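fold the following, please.
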Amino acid sequence: MSLFKARDWWSTILGEKEEFDQGCLCVADVDNSGSGQDKVIVGSYMGYLRIFNPHPVKPGDEVQPEDLLLEVQLREPILQVEVGKFVSGTEGLHLAVLHCRKLCVYAVSGTLGNVEHGNQYQIKLMYEHNLQRTACNMTYGPFGGVKGRDLICIQSMDGMLMLFEQESYAFGRFLPGFLLPGPLTYSSRTDSFITVSSCQQVESYKYQVLAFATDADERQETEQQKLSPGKRLAVDWVLNIGEQALDICVVSFNQGISSVFVLGERNFFCLKDNGQIRFMKKLDYSPSCFIPYCSVQEGTINTLIGNHNKMLNVYQDVTLKWATQLPHIPVSVKVANFQDLKGVIVTLTDDGHLQCSYLGTDPSLFQAPKVDAREINYEEMNAEMKELQKIIREATNPQDILPESEKQRDLTVTAEVSPDLDAESLAIESEVTAMAVPSVTVKITVQSRVAVQKPSLAVCVQAPLAVTCDQFAFDDLEPDSSETVVVSVFLKGNCTPSELEGNCMVSYNIPTEMNLCSLISGIPRVAQCNFSLPLRLVCFPSQPSKAANHKLTIDTNKPPVTFLIIFPDFVDPSEGDQANALGFQFLTGSKTTLLASKTSQRYRIQSDQLEDLWLITKEITRRLEEHFKKQNCKDFACTFSGSIPLQEYFELIDRHFELRLNAEKFQELLSERAVQFRAIERRLLTRFKDKTPAPLQHLDTLLEGTFREVIALADAAEENQANMFQAFTKLKSATHLVIMLISLWQKLSTDQVAILEATFLPLAEDTQELGWEETVDAAVSYLLRTCLSKSSKEQALTLSSQLCMPKDTSRLKKNITLFCDRLAKGGRLSLGTDSTTQQAAVMPGGCATIPESDLEERTIIPGSTAVFSSHGQITKQKSK
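Numbers count the residues shown, from 1 in each chain. Sure, this is the predicted structure:
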C-alpha cells in the first residue's frame, strides 16, 4: 500500500441512503461561464440532480452552501449524465440526463445575484425523447463527422443502439449475438462505436455500417422483412480479451494517435484504433473504475485506476508511478480544473461520498531540537555497535526461513491413528465391491501457542486411499487454544495402495504489529505432520498359500521371531508360538504369504503378483526393527541375498507405457472425430438456413453415427485412464520394492536410499505431459554420467534439457540394468561427480569384482530374464 493518502481539497456527502454508479458523475463547464472552471454534475438513482462549484476548504471547516449551485429532484432514476453540444443552432454546452425510459437535455444557466446569497442557477428543459426500450447507458460525439454538434447513442438492455440527431430520432440497430449490455464509447477518429459484448470480446461498429444496416424497429423478423432489401450489421474488428469489462474509454490527445482503453476485471488493456493491442497490464487487485488523461511525457498516457482496496494507482502506460490511499471505494473517477488548480481528482462512491483531492504530501514543519554537547564515550558506542550488529545478523540469518523445531513452533498439529478399525465402516463411494471395506479413525489436534489467524487444515492421503473429509477451516485461534477434528480413512479405488501413509498440513497467519494495513493478514506459516495407517486397512488374515509365482527371502542376523509377537493383529492367539506361516488377503482379491524359517534366520514373502510383495515386505522389516529396538538390540540388520526381479519389474513398466500409448491414440481419435462432428454440424446448419430446402443426403445419419463414435471413444479413453492409474499404482509399489531390495543388497545409507527414491519415484501423479518413464530415464542417465560414471568421457556427455514421451522403453530398461551393474561393481550413489573417488570406493561386503563386459552395449533379449545376484554376476535364464 502507499504511505501517502490523497490530500482532501474538498468533500461532501450527498443525501441520505442514495445510490450512485459509474455514469452518475460528470465534470464540465456546464453553465458556459467561459472561465474554464469545471463544475461537478452528479445524478443519483433516487432522481436527484446536483451541480457543485467546489472551493478550497480549510481542515475542520464545513462545505460552504454556495458550493452547491443547483439541486433538483427529477421523477425518475438517473442512469447517466453527460455534457456536450446537444442543441441545434448553438455550440453551447448542454446537460443530457438519461433515465430508464427517457432522455432529457437541459440548459444550465445562472443569473447574477444582487444580495449576499450569491448567484442563482436554474435548468431549462430543451427537449426530451421517450424511449420505447429500457436504457442501459449512452455515449455521444460527432457521429458521421458532423461539425459543431454532438449526437447521442443509447444502448438498451436488449442490445439495441438508438441514435438521436439532437431533437429528432435517427434510427435503431440491434447488435448481433447480443446477450447482456456492456460499456459503450465512441471513437471520433475512426467514426465507430466500441463496446464489450457478453462473449468477452471488444467489438467495433462503423457508424456508416450502422446507418445502412437493416432497420431494427422490431426484433422479430417477419417473412417480408427477411426478403426486404438491407444489409446485415457487420462488425469492423473484434478482439477477445477473455474477461468482462468494467469500463471503456477512447483517448486522443493528438491528431495522429488514438487509443482505446479497456478496464477488465483483472487486466487493463490499451488498444490501437484498429483493434491491435498496444499494451496491457495485469492487475493484482480488483479494480472499480478508471480514467485516462494526458501525460507530461510525449508518447505516453497516464491512467488513474481505483480499486476495492480503497487505493488509487497512477500508471504511465504500464508503469506504476504513484499509489495513494482513499477514504472510500470509488465507483467513478474524473479529472477536473478548479480555480487555477489543474488536475484535481474527483471521486464518487456508491453511497454518495464526493471528494476532490490531489496527490502529494504536506511539508513537515518539525525541527529537531538542539542536542546538548557532551563528550563521546567510545567504549559505550563500540558496545552498542556490536549489539546492533548482532541483532542485524540474527534478523538476516538465512536459517530463519527453514522450519523451526517443534519446541519453538507457534502452532503444532498432531495426528493419532486409532489402533482398531471402526466398528461401523464409514467408507463412502468405494469402488471395491468384493467385500465390506473397513475404515480407520484419525484424530487430528491443532494446538496453538500464540494467537493465529485463518487456520485451515488439509488432510492428504495418496489414491486409491481416501478420507471422509479433507478440508477444514477454523476460526481465529486464541493463545493456548486447540481444535480437534476426526476423519476416517478407507480404500476407495479397486487397487492396492503403494503407501500406507498420510499427511496433515495447517496453513495459518501470525499477526504482527508491523502490519501497515488491516487488509494484510500477517505472516503466513505452515505446520504439518505425517501419520501411518494400519495394514489391516487394506488386507485381512487368510490361509497361507504354498504355491506362488514370485518369492523373496529376507535374511536377518537374529533368531526368528514368532508371528504372534510381531503380527498380533493377524495371528489367532490360539495358535501360540507354532505359527510360522501367515496369509494376507488384500481387499482387491490378491493373496500374499509370509513364511518364517524354523532353522535359519530368514523370512520368505511370496505372492502371485510382484507389486503385492511390497507392503508385506515393508511391514515385516519395520515390525522386526521395532521389536528388536524394544529389546535394546542395536546391531539388528536385514539383508537381501537373492536376485533383483528386474524382468518382472520391466513387465510392469511395459504395461504402464502401453496404456500411455493407448491414451495418446484415444486422444488423437477423439480429436479427429470431434473435427468431423463439427464439420457435419456446419453442413447441416448451412442446409437448414438455406432459403430453398434441399435434401440432407444422409447428413443426419452421419451426424448420429459420429456422435456415437465420439461417446464410445470417450468411454474407452476414460476406462483406459482408470487402467493407467491402477498400472501406475502397481508400478510405484514394485518400484518401492526394488528400491528396498537394492538398499538391503548393497547396504546403502539413508542418504543413498534418498537418492534412489528421488531417482525412481520422482512423480506423485502420472500425466501425459510428464510421465514416469521419461523422468526416471533422465534421472538414471544423470547418475550414470556423474557418480556412477567410469571415465571422464562419460561425464562430458550432455543430457537433453527437454523431457518428452519416448517411443519405447528399451532405453529405460537398458539404463536400469546398467545402473544395477554399476552398483554391483562397487559404485556408490552421491551427488558428487569425482570419478577418482568412485574408483577408490570400498567394495561392499559379499560383492566381488567382475571383469568388464559389453553389458553397456547389450540390450535385453525378448524371452530371456536378466537378474542380478548379490555377487554382482549376471545370469540369463531362457524362458521355456
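
could you pull up phi and psi at the residue lying closest to Ala694 once chain neighbours are set aside?
Excluding the flanking residues, the one nearest Ala694 by CB to CB, 6 or more residues apart in numbering is Arg687, at 5.8 Å. Every C-beta, even on glycine, is put in place using the N, C-alpha and C of the backbone. Main-chain dihedrals, Arg687, degrees, to the nearest 10: phi -60, psi -40.

go ahead and confirm Arg687 touches Leu699.
Yes - the pair Arg687 and Leu699 passes the contact test of CB atoms under 8 Å, sitting 7.1 Å apart.

count of neighbours near Thr556?
20 (other CB atoms under 10 Å).

ends of stretch 531-550, what's the gap?
Terminal residues of stretch 531-550 lie 30 Å apart, using CA to CA, to the nearest Å.

what's the spacing between it and its chain's center?
Here stretch 531-550 shows a centroid-to-chain-centroid distance of 41 Å under the convention CA atoms, centre = their mean, to the nearest Å.

now do stretch 295-307
Stretch 295-307 sits 30 Å away from the centroid of its parent chain (CA atoms, centre = their mean).

span of it from start to end?
Distance between the two ends of stretch 295-307: 21 Å, counting by CA to CA.

so Phe819 belongs to a helix, correct?
Yes - assessed with DSSP: H, G, I helix; E, B strand; the rest coil, Phe819 lies in a helix.

can you pull the contacts of it?
Counting by CB atoms under 8 Å, 6 or more residues apart in numbering, Phe819 makes contact with 780, 783-784, 788.

hmm, 6 Å instead?
With contact taken as CB atoms under 6 Å, 6 or more residues apart in numbering, Phe819 is in contact with Val780.

and the nearest residue to Arg409 once chain neighbours are set aside, how many neighbours?
Nearest residue to Arg409, sequence neighbours excluded (CB to CB, 6+ apart): Ala527, at 6.2 Å. For Ala527, the tally of surrounding residues (other CB under 10 Å) stands at 24.

please apply the same query to Phe290.
Residues near Phe290, counting by other CB under 10 Å, number 24.

again with Val486
Using other CB under 10 Å, Val486 has 12 neighbouring residues.

look up the closest residue to it, ignoring the ones flanking it.
Closest residue in space to Val486, ignoring its immediate chain neighbours: Lys443 at 5.4 Å, by CB to CB, 6+ apart.

where does the prediction get shaky in the stretch 251-400 of the chain?
253-256, 361-374, 397-400 (pLDDT under 70).

tell me where it has strands.
According to DSSP state E, counting those that start in this stretch, the stretch 251-400 of the chain carries its strands in the segments 259-264, 267-272, 277-282, 287-294, 301-307, 311-316, 319-325, 330-338, 341-349, 353-358.

okay, those strands in CSV with distance to Ser187 next?
Formatted as CSV, the strands of the stretch 251-400 of the chain follow (distance: least, CB to CB, whole Å):
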stretch, distance to Ser187
strand 259-264, 7
strand 267-272, 10
strand 277-282, 14
strand 287-294, 13
strand 301-307, 15
strand 311-316, 21
strand 319-325, 25
strand 330-338, 20
strand 341-349, 24
strand 353-358, 29
